[in-house]
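# Curious how this folds, go ahead:
(chains A and B)
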Amino acid sequence: MADLAAEVMERITTVVTRLYPSATDGLDTAVRPSERADAQVNVALGLARKVGKSPRQVAEEISAELDLRGICSKVSVAGPGFLNLTFDNGHLGTMLRDIAKDPHLGVHRATTVETVVIDYSAPNVAKEMHVGHLRSTVIGDALVRMCEAVGHRVIRENHIGDWGTPFGMLIEHLVDLGEVDAARELSVGDLDGFYKQARAKFEAAPEFQERARQRVVMLQGGDADTLRLWKLLVAESSRYFATVYEKLGVKLTDTDLRGESVYNDLLPTVVDRLRASNLLVTDDGAEVVFPAGFTNRENSPLPLIIRKQDGGYNYATTDLACVIDRVERLHATLMLYVVGTPQSQHLSMIETVAKDAGWLREPVRMAHVAFGSVLGSDRKMLKSRTGESVKLVELLDEAVQRADASILEKNPELPAAERRNVARMIGIGAVKYADLSGDRIKDYVFDWERMLSFDGNTAPYLQYAHARICSIFRRSGTTREEARSATPLVSHQSERALALWILQYDSVVWDALERYSPHRLCTYLYELATRYSAFYEQCPVLKAESDTIRDGRLALCDLTARVLADGLQLLGIDSPEQM
RNA sequence: GCGUUCGUAGCUCAAUGGAUAGAGCAUCUGACUUCGGAUCAGAGGGUUGGGGGUUCGAGUCCCUCCGAGCGCGCCA
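Prediction:
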């Protein structure tokens, strides 16, 4: 409804400024969806007090002066002073025809193009990816797609954990196994086993512990052979990550990998620059910054530790180096951190220090795209039967396998090869959609039954609606492209409901993007599918009364399918044509 | 203790400060010679954790209390 709304808002503003020239500050001319009409405008309610009249009277006065011919067929005053709008059917048809010609389906481009750095996924080298990585990866991927869709310049950064003390232990374990055997074990994808073995040895054998410590020193000292072994670990892990990303269907590739180690050279610079701006304080042998507004248990200032007592750096330093790198080298204007809620204080401290140090200045900004945990049916963090974290690949494989079984049962005619392909789209889509469809800040309960259900706010339901439309076209004898030239008539009640919803796609995509809330797009798509289903029941397409009606309805079908597929694509979910 | 997030139907979740708080699941009632019934139509189900406040208007903003999760100095 973006363009509809824009034009209405403009005309209302004109009328209001003419009627009440002294009260035009902070006008709420927004055109909102309404249950009582096609849309409502509440401008009179806020205006009433300023002009000393009743809201109802103000609404009447505006309504009397308002000329919406060609856009609205009816404008009425209702309730305490709402302006209820009913759009003109012909105008709706024209609008639909216009966006049908637009490859972006009416979604407008960003007026100022941002350089958006999105930090997400972030698995650890030599460790298995588990459910804990699911949300960051899926939400981050959706944000990448949405940003790209409106024309922003997007830089994906996968900040993998590839540095730090655990690597002494991991490298020594690699040496013990022998490089060839170790590489083979890692390439199988059994990172969990590798890490656990190393950990077990570290805890059990003092001799191993000592070797591990020395190895850390060698690693940090740049010993050539140690670095070679380290790179082997990183390479094998990266290959493994790539297979997981492929399975999950996200856009991350090897070129997006940007491990913590990349920033090593920048760490001394961080210290120097903080010292130069007099932010650095020596406290208890460590070099720290005390950003304002943070306190610890004892209510004393909470430090951000830049350099530890032993001279080593920690993750705060790396994160600050990241900010410098992203702002000064990449020229980021917006940095998104798709990181769990528990990190919020840490990121807030990073942001404060980066601002205090002058590295982060308007209009450049960073945002913590925080999200809650994935819970089991017991409402606790999701764990496997054995109490360990659930491996991401196993979870994804199970999703595909469950989807496959479901399709086999419900559509046995589908050829096996096709079925496997569709099962992947549905299974992975279901997992992603379950992750994206709730407000990201909240925890959500992982439930196979619900996410794979064909009823309710699920990916399969949306995909089904899409497949049904494709089915109509297979029988219609017309192509999707041909359908686009027709202008829908938009006269039946459910045609109107569908049309009005389609026209809101633009504003919904932007709303979801600006709030970094993919679930708003999900809610919209679900409602779209629901409205389509009602239309489908009540308005025969192929058996319509006339060719004109039929063509118009085919155009509506095509648009609906495109918005569904486009919206799902923004969420990283595929839309099969049959299922 | 301090900070932070959350609390909405039996369950899982929605709701740019706007009208009578909406969906799905589950329960109950209907609709299959019908473009994919993998669907649709309808019913019941609520003191939005409690209490104050701001506002023409509060689930939403502010304060306070209760409950839950998470974080709070040398791991990342």
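
# Put the alpha carbons of the helix or strand encompassing A:R49 into PDB.
Assigned by DSSP states H and E, A:R49 belongs to helix A:43-51. Extracted in PDB, the C-alpha atoms of helix A:43-51 (Å, rounded to 0.1, in the frame of the first residue of the first chain):
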ATOM      1  CA  VAL A  43      -4.700  12.500  12.000                       C
ATOM      2  CA  ALA A  44      -7.700  14.200  13.500                       C
ATOM      3  CA  LEU A  45      -7.300  12.600  17.000                       C
ATOM      4  CA  GLY A  46      -3.900  14.200  17.600                       C
ATOM      5  CA  LEU A  47      -5.000  17.500  16.000                       C
ATOM      6  CA  ALA A  48      -8.100  18.000  18.000                       C
ATOM      7  CA  ARG A  49      -6.500  19.400  21.200                       C
ATOM      8  CA  LYS A  50      -4.200  21.700  19.200                       C
ATOM      9  CA  VAL A  51      -7.000  23.400  17.400                       C
END
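
# Might you list the low-confidence residue ranges for chain A?
A:1-2, A:188-189 (pLDDT under 70).

# Domains in it, by residue range?
Chain A breaks down by automatic domain parsing into domains covering A:2-87, A:115-119+A:137-161+A:260-372, A:166-243, A:459-570.

# can you give me how far the first one is from the chain middle?
Okay, so that is domain A:2-87. Here domain A:2-87 is found 34 Å from its chain centre; the criterion is CA atoms, centre = their mean, to the nearest Å.

# Can you list phi and psi of A:A459 for me?
phi -60, psi -50 (degrees, to the nearest 10).

# still on that earlier bit, which of the domains of chain A sits most buried?
domain A:459-570 (a mean of 20; mean count of other CB atoms under 10 Å). C-betas here are computed from N, CA, C, even on glycine.

# So which residues of the stretch 401-550 of chain A form helices?
Here the stretch 401-550 of chain A has its helices, by DSSP state H, counting those that start in this stretch, at A:416-436, A:448-451, A:459-476, A:480-483, A:493-502, A:505-514, A:518-538, A:547-570.

# Around RNA strand B, pick out the residues from the stretch 451-579 of chain A.
A:453-457, A:460-461, A:464, A:467-468, A:470-472, A:475, A:517, A:519-520, A:523, A:526, A:530, A:533-534, A:536-537, A:539-543, A:578-579 (CB under 7 Å from any atom of the strand).

# OK, contacts around whichever residue of chain A sits closest to RNA strand B?
Proximity of chain A to RNA strand B (CB to the nearest atom of the strand) peaks at A:G456, 2.2 Å away. A:G456 sits next to A:R450 when contact means CB atoms under 8 Å, 6 or more residues apart in numbering.

# check whether stretch A:211-218 contacts RNA strand B.
No: residues of stretch A:211-218 contacting RNA strand B under CB under 7 Å from any atom of the strand: none, with a closest distance of 10.4 Å.

# Give me the residues contacting that stretch.
Under CB under 8 Å, 6+ apart, the answer for stretch A:211-218 is A:165, A:167-169, A:171-172, A:202, A:226.

# Centre of the chain to that stretch, how far?
Using CA atoms, centre = their mean, the offset of stretch A:211-218 from its chain centre is 40 Å.

# Same check on stretch A:197-210?
On CA atoms, centre = their mean, the centre of stretch A:197-210 falls 40 Å from the chain's centre.

# hmm, who's touching it?
Under CB under 8 Å, 6+ apart, the answer for stretch A:197-210 is A:126, A:169-170, A:172-173, A:176, A:212.

# What about the residues you listed, which are in helices?
A:169-170, A:172-173, A:176, A:212 (DSSP state H).

# if we take the residues you listed, which one ends up nearest to A:A59?
A:L170 (69.8 Å; CB to CB).

# measure that closest one to A:I350 for me?
27 Å (CB to CB, to the nearest Å).

# One more: A:E545?
Counting by CB to CB - A:E545 and A:I350 are separated by 64 Å.

# between the host helix or strand of A:L85 and helix A:43-51, how many degrees?
Assigned by DSSP H and E, A:L85 belongs to strand A:82-87. Counting by axes from the mean of the first three to the mean of the last three CA atoms, to 10 degrees, strand A:82-87 lies at 150 degrees to helix A:43-51.
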